[in-house]
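Colleague: From the sequence below, what's the structure:
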Amino acid sequence: MKPVLDYVFGKKLDFETSRYLAQLAKAPALASRQKASRFLAEMREKDGPKVILGETVWGEPVEIPLTEIIRSTGLVTAGSGGGKTMFCLLILEAVLENSESGQAGFGVLDGAKFDLYLGALYLVQRRLVALSKADLRAAAKFRRRIRIIDFAAPGDVVSPFNILCPWPNADLEGFAGYQLDLLLDVLPDADGLKLAAAPLKTLVQILASPEVAMTIIDLIRCLDDEPFLDSVTARCGDRELVERLRRQLSTVSKSTLAALRRRLEVLVSSRTVARSLSCPTAPDFRAIQDAGCFLLINCAGPAVPPGVARFLNTLAVSNFCPSIYARQNPALSFLGLADEAQDLFNSSSVLREHLSDAARLSRRYGTNFVFITQNLHAAVSDARLLSLLHTNVAWSWSGRGDPADCAFLRGALPVTGRRPRPKQHPFEESTFYTAAEERTLLLEEIANLPNRTGYLWLKGRSPEAIKIRARQLDIPQGRDLEEATAAIRRDPTIGGRLSRKEYERLVAQRERRASPERGEDFGEKLAGAYRSARGRQKS
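Modeller: Numbers count the residues shown, from 1 in each chain. The predicted model follows:
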């Protein structure tokens, strides 16, 4: 009887057995995929605007509620060309497309290649053009939300950023001490200038007072121009503060003051940077966040030396972070994206403290950060700070890059438990890697992922990271992107910037106030001399 049964059912039984064993082998992988699919389905069913980040490796769309991204701290890691800029632009595109229904704002800080800045600027410009065609009132409202600080802007546009302009309701003495710490932290060889710290703080306090209201350019001039210093202090209403400055300056050698001046002059060696820092006003970062503005800051460019770009990075972050804790409308979400974050964490102790505090505390005030980096592990030598950052990150996307930067993902990488070990010879029995060994292999393989492919992990929402391919955004690249954004970069009427003509008028006005003994027309003469000198340089 058995031979008859084998003849009738044998082939089918062998087929079903093989299929069952194959399903058993694939069961862990299928279970992981089903778990990811259920999670993505839950995300798609949630109310509110979504951001389409891409699709999974098995072709399922990855659509995440925008609030999951903008209301928590994020980390985006990938090597050059790995797709981290494109991934972040997808988030910004979703914020802009929902700008009428949702008032969330964002800030972009770019201090290296300015790819993120130009990409964000292009998306803002594209949205403004679309609104202008559909609804002029909505376009006007959108336009008022744009704020641009471009330290490498074309010559006819100036972004005001007077670092001696106090924050709203700031205590002048505390503000002066804060800015002094910033300057001494970024100046080269600042340890040798500690003797000048006291008079420098007092001078900053005098220049920042409402009746004086001057800039770092004037501060540099005060260090070796006594008649100018006399004219400045004569305007200060606090005579006790002026006398303190005189006593402090008498204890500091002229060589120390000269060394301080030389180091400060390095920070304004770029003409575009000097113009920004010599403006009478500064951005109100607290109001920008509370109004849900679209803030774009560029610190890099051909005319900005790398050392000055690092100073501007530090300057922008150090002035932005204190404004978070003064917010009056924390219910309105604001997302700050910092490109090349490894440079920020590695630049200065003051900046590391600011970023550490922001990662821990800013969520309470409605502001969150996305740190975009290539080599965070190598840049942050402080293991405590690195652990603090990974602890407070609520979501991450990890593309091709250094596996050490993705070590926090190890426990979340999806494993099958059925990954075969290599065989030494054809007849060797098949064996499989353990789950820990498979996670180690997956972590190492991150270094060879294709462009725009990486692991998305929403901590607290999904126990496992999901391997996805980021969506390709329809946006120009390289030189084409620069040309596409040239018009908005050169338009001083957009973004709260000044034209060169307005800037020169304000400079002349300030000089006239600072030097009244030279006559009413001194400002006009100075402006004329400046324009003549600029004309000679161009010719």
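Colleague: Dump stretch 77-92 to PDB, restricted to CA.
Modeller: Presented in PDB, the C-alpha positions along stretch 77-92 are these (Å, rounded to 0.1, in the frame of the first residue of the first chain):
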ATOM      1  CA  THR A  77      23.500  60.800   9.900                       C
ATOM      2  CA  ALA A  78      25.100  60.000   6.600                       C
ATOM      3  CA  GLY A  79      28.400  60.500   4.700                       C
ATOM      4  CA  SER A  80      28.800  63.000   1.900                       C
ATOM      5  CA  GLY A  81      26.300  62.200  -0.800                       C
ATOM      6  CA  GLY A  82      24.400  59.800   1.400                       C
ATOM      7  CA  GLY A  83      21.100  61.700   1.200                       C
ATOM      8  CA  LYS A  84      20.900  63.500   4.500                       C
ATOM      9  CA  THR A  85      20.200  66.900   3.000                       C
ATOM     10  CA  MET A  86      17.500  65.500   0.700                       C
ATOM     11  CA  PHE A  87      15.900  63.700   3.600                       C
ATOM     12  CA  CYS A  88      15.700  67.000   5.600                       C
ATOM     13  CA  LEU A  89      14.300  68.900   2.700                       C
ATOM     14  CA  LEU A  90      11.400  66.500   2.500                       C
ATOM     15  CA  ILE A  91      10.500  67.500   6.000                       C
ATOM     16  CA  LEU A  92      10.800  71.200   5.200                       C
END
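Colleague: which ones are touching the spatially most central residue of the chain?
Modeller: Central residue of the chain (Cα atoms, centre = their mean): A338, 1.7 Å from the mean position. By Cβ atoms under 8 Å, 6 or more residues apart in numbering, A338 lies in contact with 109, 317, 344, 369-372. Every C-beta, even on glycine, is put in place using the N, C-alpha and C of the backbone.
Colleague: the strands in the stretch 1-150 of the chain, which residues?
Modeller: Using DSSP state E, counting those that start in this stretch, the strands of the stretch 1-150 of the chain run over residues 50-56, 61-65, 74-77, 105-110, 146-150.
Colleague: and the ones you listed as a markdown table, adding mean pLDDT, mean neighbour count and distance to S333?
Modeller: Formatted as a markdown table, the strands of the stretch 1-150 of the chain follow (pLDDT from 0 to 100; neighbours: other Cβ atoms under 10 Å; distance: least, Cβ to Cβ, whole Å):
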| stretch | mean pLDDT | mean neighbour count | distance to S333 |
| --- | --- | --- | --- |
| strand 50-56 | 95 | 19 | 13 |
| strand 61-65 | 96 | 18 | 12 |
| strand 74-77 | 92 | 25 | 13 |
| strand 105-110 | 93 | 26 | 8 |
| strand 146-150 | 96 | 23 | 17 |
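Colleague: Which strand residues bridge the residue nearest to the centre of the chain?
Modeller: Counting by DSSP bridges, A338 is bridged to L109, F371.
Colleague: Per-residue confidence, it, what does it come out as?
Modeller: We note a pLDDT of 90 for A338 in this prediction.
Colleague: Please apply the same query to the one 4 residues further on.
Modeller: In the prediction, the pLDDT value recorded for Q342 is 78.
Colleague: quick one: it and I372 touch, right?
Modeller: No: using Cβ atoms under 8 Å, Q342 is not in contact with I372; the gap is 9.4 Å.
Colleague: Of the two, which one has the most company?
Modeller: I372 (26 against 20; other Cβ atoms under 10 Å).
Colleague: thought S430 was touching R419?
Modeller: No: counting by Cβ under 8 Å, R419 is not a contact partner of S430; they are 11.0 Å apart.
Colleague: which of the two has more neighbours?
Modeller: Using other Cβ under 10 Å, the more surrounded residue of S430 and R419 is R419, with 16 against 8.
Colleague: Ramachandran angles for the more buried one?
Modeller: Phi and psi for R419, reported as degrees, to the nearest 10, are phi -80, psi 120.
Colleague: Contacts only, for it.
Modeller: R419 touches 432-433, 438, 441, counting by Cβ under 8 Å, 6+ apart.
Colleague: between those residues, which is nearest E243?
Modeller: For the contacts of R419, the closest approach to E243 (Cβ to Cβ) belongs to L441, at 70.8 Å.
Colleague: Pull the host helix or strand of that closest one out as CSV, backbone CA atoms only.
Modeller: For L441, the host element (DSSP states H and E) is helix 435-445. Only the C-alpha atoms of helix 435-445 are listed here, as CSV (Å, rounded to 0.1, in the frame of the first residue of the first chain):
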residue,chain,number,x,y,z
ALA,A,435,20.8,37.6,16.5
ALA,A,436,23.7,39.6,18.1
GLU,A,437,26.1,38.6,15.3
GLU,A,438,23.5,39.5,12.7
ARG,A,439,23.0,42.9,14.2
THR,A,440,26.8,43.5,14.1
LEU,A,441,26.9,42.6,10.4
LEU,A,442,23.9,44.9,9.7
LEU,A,443,25.6,47.7,11.6
GLU,A,444,28.8,47.3,9.6
GLU,A,445,26.9,47.2,6.3
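Colleague: so what does that helix touch, helix or strand wise?
Modeller: The contact analysis (3 or more Cβ pairs under 8 Å, 6 or more residues apart in numbering; DSSP states H and E) places helix 435-445 against no helix or strand.
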